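# Structure here, sequence nowhere to be found:
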(Lines give C-alpha, C1' and ligand atoms only; values in the text may rest on other atoms or scores of the structure.)
Protein backbone atom coordinates (compact mmCIF):
# COMPACT_ATOMS: atom_id res chain seq x y z
CA UNK A 1 0.00 0.00 0.00
CA UNK A 2 1.49 3.32 -1.10
CA UNK A 3 2.04 5.95 1.57
CA UNK A 4 -0.01 9.08 1.11
CA UNK A 5 1.78 12.33 0.38
CA UNK A 6 1.59 14.70 3.37
CA UNK A 7 -1.00 17.45 3.15
CA UNK A 8 0.23 20.72 1.69
CA UNK A 9 -0.31 22.43 5.06
CA UNK A 10 1.97 19.91 6.78
CA UNK A 11 4.59 20.13 4.04
CA UNK A 12 4.61 23.91 4.28
CA UNK A 13 4.86 23.89 8.07
CA UNK A 14 7.76 21.41 8.06
CA UNK A 15 9.79 23.41 5.53
CA UNK A 16 9.20 26.85 7.02
CA UNK A 17 10.12 25.64 10.52
CA UNK A 18 13.26 23.88 9.33
CA UNK A 19 14.28 27.23 7.84
CA UNK A 20 13.56 28.91 11.19
CA UNK A 21 11.07 31.48 9.96
CA UNK A 22 9.13 33.27 12.69
CA UNK A 23 5.65 32.09 13.65
CA UNK A 24 4.33 35.46 12.52
CA UNK A 25 5.79 34.92 9.03
CA UNK A 26 4.49 31.35 8.97
CA UNK A 27 0.94 32.52 9.68
CA UNK A 28 1.01 35.34 7.14
CA UNK A 29 2.54 33.14 4.41
CA UNK A 30 -0.02 30.39 4.94
CA UNK A 31 -2.82 32.97 4.87
CA UNK A 32 -1.78 34.06 1.37
CA UNK A 33 -1.20 30.51 0.12
CA UNK A 34 -4.66 29.47 1.26
CA UNK A 35 -6.14 32.65 -0.23
CA UNK A 36 -4.40 31.85 -3.57
CA UNK A 37 -5.79 28.31 -3.62
CA UNK A 38 -9.31 29.46 -2.83
CA UNK A 39 -9.11 32.19 -5.47
CA UNK A 40 -8.46 29.47 -8.05
CA UNK A 41 -11.37 27.30 -6.82
CA UNK A 42 -9.31 24.93 -4.64
CA UNK A 43 -6.91 23.93 -7.42
CA UNK A 44 -3.69 22.40 -6.08
CA UNK A 45 -0.66 24.70 -6.63
CA UNK A 46 1.16 21.89 -8.50
CA UNK A 47 -1.46 22.25 -11.22
CA UNK A 48 -0.90 26.00 -11.46
CA UNK A 49 2.02 28.27 -12.19
CA UNK A 50 3.10 31.75 -13.23
CA UNK A 51 -0.14 32.72 -15.07
CA UNK A 52 -2.27 31.88 -12.03
CA UNK A 53 0.07 33.77 -9.71
CA UNK A 54 -0.07 36.78 -12.03
CA UNK A 55 -3.89 36.67 -12.09
CA UNK A 56 -4.07 36.47 -8.31
CA UNK A 57 -1.65 39.33 -7.67
CA UNK A 58 -3.35 41.52 -10.27
CA UNK A 59 -6.74 40.79 -8.70
CA UNK A 60 -5.41 41.83 -5.29
CA UNK A 61 -4.32 45.18 -6.71
CA UNK A 62 -7.31 45.90 -8.92
CA UNK A 63 -10.27 44.37 -7.07
CA UNK A 64 -9.08 44.27 -3.46
CA UNK A 65 -7.09 47.50 -3.65
CA UNK A 66 -4.37 46.18 -1.35
CA UNK A 67 -1.26 48.17 -0.49
CA UNK A 68 2.00 47.60 -2.37
CA UNK A 69 3.58 45.99 0.70
CA UNK A 70 0.64 43.60 1.05
CA UNK A 71 0.90 42.51 -2.58
CA UNK A 72 4.65 41.99 -2.13
CA UNK A 73 4.05 39.81 0.93
CA UNK A 74 1.58 37.67 -1.04
CA UNK A 75 4.18 37.26 -3.81
CA UNK A 76 6.87 36.29 -1.29
CA UNK A 77 4.57 33.65 0.19
CA UNK A 78 3.87 32.11 -3.20
CA UNK A 79 7.52 32.16 -4.26
CA UNK A 80 8.37 30.37 -1.00
CA UNK A 81 5.64 27.81 -1.63
CA UNK A 82 6.80 26.95 -5.13
CA UNK A 83 10.55 27.11 -4.60
CA UNK A 84 11.01 25.80 -1.05
CA UNK A 85 7.99 23.54 -0.51
CA UNK A 86 7.10 22.17 -3.95
CA UNK A 87 10.57 22.43 -5.48
CA UNK A 88 9.21 24.15 -8.58
CA UNK A 89 10.33 27.29 -10.35
CA UNK A 90 7.70 29.90 -11.06
CA UNK A 91 9.80 31.49 -13.77
CA UNK A 92 8.66 34.80 -15.19
CA UNK A 93 5.21 35.70 -13.87
CA UNK A 94 4.95 38.54 -16.36
CA UNK A 95 3.72 42.08 -15.84
CA UNK A 96 1.65 42.47 -12.69
CA UNK A 97 -0.43 45.55 -11.98
CA UNK A 98 1.17 47.16 -8.94
CA UNK A 99 -0.77 49.25 -6.43
CA UNK A 100 0.20 52.90 -6.54
CA UNK A 101 1.96 53.86 -3.36
CA UNK A 102 0.81 57.35 -2.37
CA UNK A 103 3.35 59.73 -0.98
CA UNK A 104 2.37 60.79 2.50
CA UNK A 105 4.23 62.62 5.21
CA UNK A 106 4.59 60.48 8.34
CA UNK A 107 2.78 61.61 11.48
CA UNK A 108 5.44 62.14 14.13
CA UNK A 109 4.43 62.92 17.71
CA UNK A 110 6.39 65.43 19.68
CA UNK A 111 8.17 64.23 22.81
CA UNK A 112 5.55 65.94 24.96
CA UNK A 113 2.70 64.30 23.02
CA UNK A 114 4.30 60.84 23.24
CA UNK A 115 4.91 61.13 26.97
CA UNK A 116 1.37 62.38 27.45
CA UNK A 117 -0.02 59.24 25.81
CA UNK A 118 2.31 56.91 27.72
CA UNK A 119 1.41 58.54 31.05
CA UNK A 120 -2.25 57.60 30.51
CA UNK A 121 -1.53 53.90 30.04
CA UNK A 122 -1.99 51.44 32.88
CA UNK A 123 0.77 49.15 34.15
CA UNK A 124 2.48 47.32 32.51
CA UNK A 125 1.36 48.82 29.19
CA UNK A 126 3.04 52.13 29.94
CA UNK A 127 6.34 50.28 30.36
CA UNK A 128 5.85 48.38 27.12
CA UNK A 129 5.08 51.62 25.26
CA UNK A 130 8.07 53.31 26.91
CA UNK A 131 10.36 50.57 25.56
CA UNK A 132 8.96 51.05 22.08
CA UNK A 133 9.46 54.81 22.27
CA UNK A 134 12.76 54.91 24.17
CA UNK A 135 14.53 51.88 22.65
CA UNK A 136 13.02 51.98 19.16
CA UNK A 137 11.41 48.55 19.44
CA UNK A 138 8.61 47.36 17.20
CA UNK A 139 5.48 46.38 19.11
CA UNK A 140 6.05 42.66 18.49
CA UNK A 141 9.69 42.92 19.59
CA UNK A 142 8.67 44.61 22.85
CA UNK A 143 5.98 41.99 23.53
CA UNK A 144 8.49 39.15 22.98
CA UNK A 145 11.07 40.33 25.50
CA UNK A 146 12.09 37.88 28.21
CA UNK A 147 13.85 38.50 31.51
CA UNK A 148 17.16 37.28 30.09
CA UNK A 149 17.00 39.81 27.24
CA UNK A 150 17.75 42.74 29.55
CA UNK A 151 21.40 43.40 30.33
CA UNK A 152 21.44 46.08 33.01
CA UNK A 153 25.23 46.01 33.42
CA UNK A 154 25.91 46.90 29.79
CA UNK A 155 22.61 48.76 29.38
CA UNK A 156 21.57 46.64 26.42
CA UNK A 157 18.37 45.03 25.22
CA UNK A 158 18.73 41.88 23.13
CA UNK A 159 16.05 41.65 20.46
CA UNK A 160 15.50 38.04 19.40
CA UNK A 161 14.11 37.03 16.04
CA UNK A 162 13.45 40.57 14.88
CA UNK A 163 12.67 41.69 11.36
CA UNK A 164 14.21 39.28 8.85
CA UNK A 165 14.49 36.65 11.62
CA UNK A 166 17.65 38.38 12.87
CA UNK A 167 18.85 39.08 16.41
CA UNK A 168 20.19 42.49 17.36
CA UNK A 169 20.99 44.65 20.36
CA UNK A 170 19.77 48.11 21.17
CA UNK A 171 20.47 50.52 24.01
CA UNK A 172 18.47 50.22 27.19
CA UNK A 173 17.35 53.79 28.02
CA UNK A 174 18.84 54.99 31.29
CA UNK A 175 15.53 56.62 32.17
CA UNK A 176 13.86 53.19 32.14
CA UNK A 177 16.60 51.22 33.90
CA UNK A 178 15.31 51.60 37.46
CA UNK A 179 11.69 50.93 36.52
CA UNK A 180 12.63 47.88 34.49
CA UNK A 181 14.76 46.49 37.33
CA UNK A 182 11.83 46.92 39.70
CA UNK A 183 9.54 45.21 37.20
CA UNK A 184 11.94 42.25 36.91
CA UNK A 185 12.06 42.04 40.73
CA UNK A 186 8.26 41.89 40.79
CA UNK A 187 8.33 39.08 38.25
CA UNK A 188 10.96 37.23 40.29
CA UNK A 189 8.94 37.56 43.49
CA UNK A 190 5.74 36.34 41.81
CA UNK A 191 7.69 33.52 40.14
CA UNK A 192 9.19 32.36 43.46
CA UNK A 193 5.77 32.43 45.10
CA UNK A 194 4.32 30.50 42.16
CA UNK A 195 1.55 32.96 41.54
CA UNK A 196 -1.00 32.06 38.85
CA UNK A 197 0.95 33.63 35.97
CA UNK A 198 4.01 31.50 36.76
CA UNK A 199 2.58 28.07 37.53
CA UNK A 200 2.72 26.96 33.91
CA UNK A 201 5.77 26.81 31.67
CA UNK A 202 6.25 29.57 29.11
CA UNK A 203 6.30 28.87 25.38
CA UNK A 204 9.77 28.26 23.96
CA UNK A 205 11.19 28.64 20.45
CA UNK A 206 11.47 25.61 18.17
CA UNK A 207 12.69 22.39 19.87
CA UNK A 208 14.17 24.06 22.94
CA UNK A 209 11.49 22.54 25.19
CA UNK A 210 12.72 19.05 24.27
CA UNK A 211 16.39 19.93 24.64
CA UNK A 212 16.02 21.82 27.93
CA UNK A 213 12.78 20.63 29.59
CA UNK A 214 13.19 22.92 32.61
CA UNK A 215 13.84 26.11 30.61
CA UNK A 216 10.14 26.94 30.37
CA UNK A 217 9.83 27.20 34.15
CA UNK A 218 13.10 29.08 34.77
CA UNK A 219 13.15 32.76 35.71
CA UNK A 220 15.40 33.85 32.84
CA UNK A 221 12.96 32.58 30.19
CA UNK A 222 9.90 34.27 31.68
CA UNK A 223 8.21 36.88 29.50
CA UNK A 224 8.48 40.49 30.58
CA UNK A 225 4.86 40.89 29.54
CA UNK A 226 2.94 37.65 29.91
CA UNK A 227 -0.45 36.77 28.50
CA UNK A 228 -3.17 36.15 31.05
CA UNK A 229 -4.40 33.14 29.09
CA UNK A 230 -2.73 29.82 28.35
CA UNK A 231 -2.27 28.41 24.86
CA UNK A 232 -1.18 25.05 23.43
CA UNK A 233 2.27 24.45 21.95
CA UNK A 234 3.17 22.04 19.13
CA UNK A 235 3.55 19.18 21.63
CA UNK A 236 0.04 19.70 22.99
CA UNK A 237 1.21 21.20 26.29
CA UNK A 238 -0.56 24.12 27.95
CA UNK A 239 1.95 26.99 28.06
CA UNK A 240 1.93 30.72 28.62
CA UNK A 241 2.75 33.00 25.71
CA UNK A 242 3.69 36.68 25.72
CA UNK A 243 1.08 39.41 25.65
CA UNK A 244 -0.53 39.80 22.22
CA UNK A 245 0.46 42.95 20.27
CA UNK A 246 -3.20 43.85 19.76
CA UNK A 247 -4.19 43.60 23.44
CA UNK A 248 -6.14 46.52 24.86
CA UNK A 249 -4.51 48.65 27.51
CA UNK A 250 -7.86 49.59 29.00
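Sure, I can see it. Keep in mind it's a predicted model, so treat the numbers as computed, not measured. Numbering: from 1, shown residues only.
# from here on, contacts and neighbour counts on C-alpha atoms
OK.
# and residue 15, how many neighbours?
16 (other Cα atoms under 10 Å).
# cool, and the one 10 residues further on?
Applying other Cα under 10 Å, we find 16 residues neighbouring residue 25.
# Please tell me how far the lowest-mean-pLDDT helix or strand in the chain is from the chain's geometric centre.
When each helix and strand of the chain is scored by mean pLDDT, DSSP states H and E, helix 208-211 comes last, with a mean of 77. When distances are taken as Cα atoms, centre = their mean, to the nearest Å, helix 208-211 is centred 20 Å away from the chain's centroid.
# And the next helix or strand past it?
Once the chain leaves helix 208-211, the next helix or strand it forms, by DSSP states H and E, is strand 226-232.
# Model confidence score at the nearest residue in space to residue 124 that is not next to it in sequence, please.
Excluding its sequence neighbours, the residue lying closest to residue 124 (Cα to Cα, 6 or more residues apart in numbering) is residue 225, at 7.5 Å. According to the prediction, residue 225 has pLDDT 95.
# Give me the buried positions along the longest helix seen in the chain.
Longest helix in the chain, counting residues (DSSP state H): helix 174-192. The neighbour-count check on helix 174-192 (16 or more other Cα atoms under 10 Å) flags 180, 183-184, 187-188, 191 as buried.
# Same question for stretch 220-233.
Going by neighbour count (16+ other Cα under 10 Å), the buried part of stretch 220-233 is 220-227, 230, 233.
# now do stretch 111-130
With burial defined by 16+ other Cα under 10 Å, the residues of stretch 111-130 counted as buried are 118, 125-130.
# what two of these are the furthest from one another?
Maximum pairwise distance in these, criterion Cα to Cα, is 9.3 Å, between 118 and 128.
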